[in-house]
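Enquirer: Fold the following.
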Amino acid sequence: QVQLVESGGGLVQAGGSLRLSCAASGRTFSRYVMGWFRQAPGEEREFVAAIRWSRWSGGSTYYAASVKGRFTISRDNAKNTVYLQMNSLKREDTAVYYCAAADSGSNDPADFDSWGQGTQVTVSS
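Expert: Modelled structure (predicted):
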């Protein structure tokens, strides 16, 4: 397993932007599929975005329909860090955002076996 620490959450007005970061421990960061999930009060944890990397094709990204076109996931393998740039934020984006790592998979939380502690994102109207 890999240790994950998120940062960058906070309070933002609707229409604003935030960038979340997730720093990972370990020397094999590039082999992991990295994902972002979120959980609002009383709701199930849901997939937001994921990114895998290969030396042949570079980064491949996946997004939930609700965030596609507004959120961008990226990774810096040299810094063992994955990012989630969130633009045009809406009230319904309010949730605790979790970073996760998996050996394989893309959008199923069950595929991810390492999780961060979460960071709160609150979008006000």
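
Enquirer: which SS class is Ser106?
Expert: coil (DSSP: H, G, I helix; E, B strand; the rest coil).

Enquirer: what ranges do the strands span in the protein?
Expert: Listed from the start of the chain, the chain has strands (DSSP state E) covering 4-7, 10-13, 18-24, 33-39, 46-54, 58-63, 71-76, 81-86, 95-102, 114-115, 119-124.

Enquirer: neighbours of the closest residue to Ser88 other than its chain neighbours, just the number please.
Expert: Once flanking residues are discounted, Ser88 sits nearest to Arg70: 4.6 Å by Cβ to Cβ, 6 or more residues apart in numbering. (C-beta placed from N, C-alpha, C; glycine too.) Residues near Arg70, counting by other Cβ atoms under 10 Å, number 15.

Enquirer: related to what we said a few turns ago, among the strands of the chain, which comes closest to Asp108?
Expert: With Cβ to Cβ, the closest approach to Asp108 among those belongs to strand 46-54: 7.5 Å.

Enquirer: quick one: strands adjacent to that closest one?
Expert: With DSSP bridges as the test, strand 46-54 is paired with strand 33-39 (antiparallel), strand 58-63 (antiparallel).

Enquirer: So what's the model's average confidence on it?
Expert: Per-residue pLDDT over strand 46-54 has a mean of 94.

Enquirer: could I get that strand in PDB with only the CA atoms?
Expert: In PDB, the C-alpha atoms belonging to strand 46-54 read as follows (Å, rounded to 0.1, in the frame of the first residue of the first chain):
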ATOM      1  CA  GLU A  46     -18.700   8.400  -5.800                       C
ATOM      2  CA  PHE A  47     -16.100   8.400  -8.500                       C
ATOM      3  CA  VAL A  48     -14.800  11.800  -9.700                       C
ATOM      4  CA  ALA A  49     -11.700  11.200 -11.900                       C
ATOM      5  CA  ALA A  50      -8.800   8.800 -12.400                       C
ATOM      6  CA  ILE A  51      -5.500   8.700 -14.200                       C
ATOM      7  CA  ARG A  52      -3.200   5.900 -15.200                       C
ATOM      8  CA  TRP A  53       0.200   6.200 -16.700                       C
ATOM      9  CA  SER A  54       2.300   4.100 -19.000                       C
END
